[in-house]
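This is a predicted model, with the sequence first.
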Amino acid sequence: MEDCIFCKIIKGEIPAAKVYEDRDTFAFVDIRPASPKGGHTLVMPKKHYELITDISDKDMKELSLTIKKISKALMKYGKGMNIIQNNKKIAGQYVNHVHFHLIPRFPNDGVDIEKWSVNKYKEGEIEKVAEKIKNLLK
Ligand code: AMP
Ligand code: ZN
């Protein structure tokens, strides 16, 4: 993808703080970390895919191994870690090259990723939702 900033970073055309690279995957430090202590790292396939649903099974397997590898380092960097992956603008995706955010966590770091507001299902509604998702798996 010609205009993709992450493709340009992967090709070395623009600089980034790279932490890992292998044949199919790439990881670098996010320039705008969620926590003031930093370490927020982006992990992605080298091939340009836009959404998680676009990734080939082979690249997804390789990517999941790299996510685990980087996670092991970040679990030592911080005291815990969140993994976030945004698909489409409505979900907060601004760079259309699929990527996982690995965010190390620290005591009182002010990051509130896990504190989304919660809602309730009406009587019988949760079963209908499960049925709908099961049908969408087909
Ligand atoms: P998303 O909102 O999931 O698309 O996340 C895009 C992320 O890419 C943001 O957290 C940005 O801070 C990060 N980002 C954008 N440009 C760069 C860059 N040149 N180097 C490092 N991280 C970047
Ligand atoms: Zn790209």
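Yep, it's here. Ligands and ions are numbered 1, 2, ... in the order given.

When you work out contacts or count neighbours from here on, use the C-alpha atoms and nothing else.
Noted.

can you pull out the strands in the protein?
Remark: strands assigned in the chain by DSSP state E are 18-21, 25-29, 41-45, 80-84, 100-105.

Give me whichever of those is most buried.
strand 41-45 (a mean of 26; mean count of other C-alpha atoms under 10 Å).

what's that strand packed up against?
Under the contact definition 3 or more C-alpha pairs under 8 Å, 6 or more residues apart in numbering; DSSP states H and E, strand 41-45 sits against strand 25-29, helix 57-77, strand 100-105.

can you tell which of the ones you listed is closest to ligand 1?
strand 25-29 (5.9 Å; C-alpha to the nearest ligand atom).

ok, is that closest one in contact with ligand 2 or not?
No - Strand 25-29 does not reach ligand 2 (C-alpha under 5 Å from the ion); its nearest approach is 11.4 Å.

got the contact list for that strand?
Applying C-alpha atoms under 8 Å, 6 or more residues apart in numbering, the external contacts of strand 25-29 come out as 10, 16-21, 39-46, 62-63, 66.

try 7 Å
Contacts with strand 25-29, where a contact means C-alpha atoms under 7 Å, 6 or more residues apart in numbering, come from 10, 16-21, 39-46, 63.

Next, the angle from it to strand 100-105.
Between strand 25-29 and strand 100-105, the angle comes out at 40 degrees (axes from the mean of the first three to the mean of the last three C-alpha atoms, to 10 degrees).

just how off-centre is strand 25-29 within its chain?
Relative to its parent chain, strand 25-29 has a centroid offset of 11 Å by C-alpha atoms, centre = their mean, to the nearest Å.

What is the most widely separated pair among the contacts of strand 25-29?
Farthest pair in the contacts of strand 25-29 (C-alpha to C-alpha) is 39 and 46. Separation: 20.7 Å.

returning to what we had before: would a markdown table of the helices and strands packed on strand 41-45 with mean pLDDT be doable?
A markdown table is the format used below for the helices and strands packed on strand 41-45 (pLDDT from 0 to 100):
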| stretch | mean pLDDT |
| --- | --- |
| strand 25-29 | 98 |
| helix 57-77 | 98 |
| strand 100-105 | 98 |
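
With that, I have no additional questions.
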